[in-house]
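Chemist: A structural model of the following input is requested.
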Amino acid sequence: MITRNQAITIYYQAWDTVNNTGKTGDVANHTIQVIKDGVKAIATNTPEELSNGLCKLLLTASEVNALFITVGGVSSTADIYIIPVHFITSDDTKAVALTIQYLAWDTDNNVPKAGDNANHTINVAVDGVAGGAVNSPSEVGATMPGVYTLVLTTDETDGVFESIYGSSSTADIIITPTIMPTGQFLPATGKVIKATVYDNDSRTGTYKKVVETDVRVGVQYGEDDVEFTGELVPTIKGPVKLVKLDTTIKVVKLL
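Modeler: Down below sits the predicted model:
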């Protein structure tokens, strides 16, 4: 999974829809866009071709500062399509309203299908339980043809793994599913585990910021200091001891 707010190099494919093959030597004609949680902007950096239409693009930390990201675009060369790339970042998106994208494809003409969102019936399956999408999709536009946006509600992301899929009433149009994880199960095994904050009285956890692996100076712990329930506090230097304060144990400096 990609880490939020960290620069990363991603890859996309330029496809010749007439000859049904990767398009070589076309990268200079690409206009690439980055959609961050539904907000679209031109990519900061210039893409480079690797081979046979496979291109790479360095996304800046700012461009990765979102929960759901789609990279796509257009070529000024006729019949060349930029296949969009979707990814979710490492932030926990369980039970969080999320703006995602999906692709509609015309299988008869072998091109992306624009202007078809009114004909789409979209479903959301959360941990194997499917239902109709609450919101209606909208089209991204000519700068990313065939790509549509859908806002998922908190109920629609309240799971660990999900799929967004559907159909079009227009003949020969398929909806390519968007499949993604939205939550994590992390075990509590008797120690404080790095980068994990546990639910009270639970053996499942929610990813939070990095903490130390064991009881350490400068960290406030839960009452039993087995499952971490506190947060980072200013670092204390020098000899330390544990002092119980109400329902928490806090590391303090010896006088």
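Chemist: And the pLDDT at Ala195?
Modeler: Note on Ala195: pLDDT of 47.
Chemist: ditto for Val160
Modeler: Model confidence at Val160 (pLDDT) stands at 83.
Chemist: Any buried residues in stretch 168-183, and which?
Modeler: Ser168, Ile173, Ile175, Thr176, Thr178, Met180, Thr182, Gly183 (16 or more other CB atoms under 10 Å). Every residue, glycine included, has its C-beta placed from N, CA and C.
Chemist: Let me fix that, I meant to ask about stretch 31-42.
Modeler: Ile32, Gln33, Val34, Ile35, Lys36, Gly38, Lys40.
Chemist: How about stretch 148-165?
Modeler: Tyr148, Thr149, Leu150, Val151, Leu152, Glu156, Thr157, Asp158, Gly159, Glu162, Ile164, Tyr165.
Chemist: before we move on, the earlier item: from the buried residues of stretch 168-183, which land in strands?
Modeler: Among those, the ones falling in strands (DSSP state E) are Ser168, Ile173, Ile175, Thr176, Thr178, Met180.
Chemist: Turn those residues into JSON lines, columns for distance to Leu67 and pLDDT.
Modeler: As requested, those are arranged in JSON lines below (distance: CB to CB, whole Å; pLDDT from 0 to 100):
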{"residue": "Ser168", "distance to Leu67": "27", "pLDDT": "98"}
{"residue": "Ile173", "distance to Leu67": "28", "pLDDT": "98"}
{"residue": "Ile175", "distance to Leu67": "22", "pLDDT": "97"}
{"residue": "Thr176", "distance to Leu67": "20", "pLDDT": "96"}
{"residue": "Thr178", "distance to Leu67": "13", "pLDDT": "94"}
{"residue": "Met180", "distance to Leu67": "10", "pLDDT": "89"}
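Chemist: And the buried residues of stretch 148-165, which is the shakiest by pLDDT?
Modeler: The member of these with the lowest pLDDT is Gly159, at 86.
Chemist: close enough to count as contact, that residue and Asp127?
Modeler: Yes: counting by CB atoms under 8 Å, Gly159 touches Asp127, with 4.0 Å between them.
Chemist: any idea how far Asn20 is from Pro177?
Modeler: Computed with CB to CB, to the nearest Å, the distance linking Asn20 and Pro177 is 22 Å.
Chemist: Then Ala7?
Modeler: Relative to Pro177, and taking CB to CB, Ala7 is found at 28 Å.
Chemist: picking up where we left off before, widest-spaced pair of the buried residues of stretch 31-42?
Modeler: Between any two of the buried residues of stretch 31-42, the greatest separation by CB to CB is 17.3 Å, found for Ile32 and Gly38.
Chemist: so where is the protein shaky, pLDDT-wise?
Modeler: 1, 90-92, 183-255 (pLDDT under 70).
Chemist: Domain parsing of the protein, as residue ranges.
Modeler: Listed by automatic domain parsing, the domain ranges of the chain are 8-181, 184-255.
Chemist: can you give me phi and psi for the nearest residue to Tyr165 once chain neighbours are set aside?
Modeler: In this structure, Tyr165 finds its nearest non-sequential neighbour in Pro177, 3.9 Å apart by CB to CB, 6 or more residues apart in numbering. Note on Pro177: backbone dihedrals following degrees, to the nearest 10 are phi -70, psi 150.
Chemist: Can you flag which of the buried residues of stretch 31-42 belong to helices?
Modeler: The members of these all map outside helices under DSSP state H.
Chemist: Between these, which sits nearest Asn52?
Modeler: After measuring the buried residues of stretch 31-42 against Asn52 - CB to CB - the closest member comes out as Ile32, at 18.0 Å.
Chemist: Correct me if wrong: the closest one contacts Gly72.
Modeler: Yes: at 7.3 Å, Ile32 counts as touching Gly72 under the criterion of CB under 8 Å.
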